[in-house]
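Colleague: Take this sequence and fold it.
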Amino acid sequence: MSSASSSRNLQIVESLYHAYAEADLDSFYKDLSPDLTWIECDGFPTPGVFRNKEEVTDNVFAVLQRDWSHWQYELDHLIDAGDSVVAIGSYRGTHGRTAKSFSARAAHVWHLADGKIIRFEQFADTHPIQSATVA
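Modeller: You can find the predicted model right below:
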């Protein structure tokens, strides 16, 4: 992999997080491959493997929006690993029913090919998140 394509992968993921922070879903989804594999970890409010933009929208983002009065991922930094980019940050949120808040560390691993995101895998400390859902 050339350093130019590695740098481009970092820019793609960086742009994705910027779009997420701005709630710009068109920009968020524009670099996802039609052959996407999106993995949410066990213990997370939306666990599972999703295979396209529609599944991610319906099974991840719509569920978080429905169940949480506040939800965000705060990016601390990105690590350029060539065909992969690793994001380190924290989830923060407030559950809609319990009104309990949490903060949980998390890492995201993005795999890219030909300028498109082909795989996302999440690793998160799910205990604080689950604790916020219990009255």
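
Colleague: how many neighbours does residue 44 have?
Modeller: Look at residue 44: counted by other C-beta atoms under 10 Å, it has 20 neighbours. Where you see a C-beta, it was placed from the backbone N, CA and C, and this is true even at glycine.

Colleague: For it, pull up the helix or strand it's in.
Modeller: Secondary-structure assignment from DSSP states H and E places residue 44 in no helical or strand segment.

Colleague: Please list all residues in contact with it.
Modeller: Going by C-beta atoms under 8 Å, 6 or more residues apart in numbering, residue 44 touches 122, 124, 126, 129.

Colleague: Surely the second one touches residue 102?
Modeller: Going back to what we said before, that points to residue 124. No. Taking contacts as C-beta atoms under 8 Å, residue 124 lies outside contact range of residue 102: 10.8 Å.

Colleague: what touches both of these two?
Modeller: The contact lists of residue 124 and residue 102 share residue 91, where a contact means C-beta under 8 Å, 6+ apart.

Colleague: Same list, the contacts of residue 44, but as TSV with pLDDT please.
Modeller: Compiled in TSV, those are given as follows (pLDDT from 0 to 100):
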residue	pLDDT
122	98
124	98
126	98
129	98
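
Colleague: Show me which of those residues are buried.
Modeller: Buried positions within the contacts of residue 44, assessed by neighbour count (16 or more other C-beta atoms under 10 Å), are 122, 124, 126, 129.

Colleague: Work out the sheet partners of the helix or strand that the first one is a member of and label each with its direction, please.
Modeller: It refers to residue 122. Taking DSSP H and E as the criterion, residue 122 maps to strand 116-124. Taking DSSP bridges as the criterion, strand 116-124 pairs within the sheet with strand 32-40 (parallel), strand 101-113 (antiparallel).
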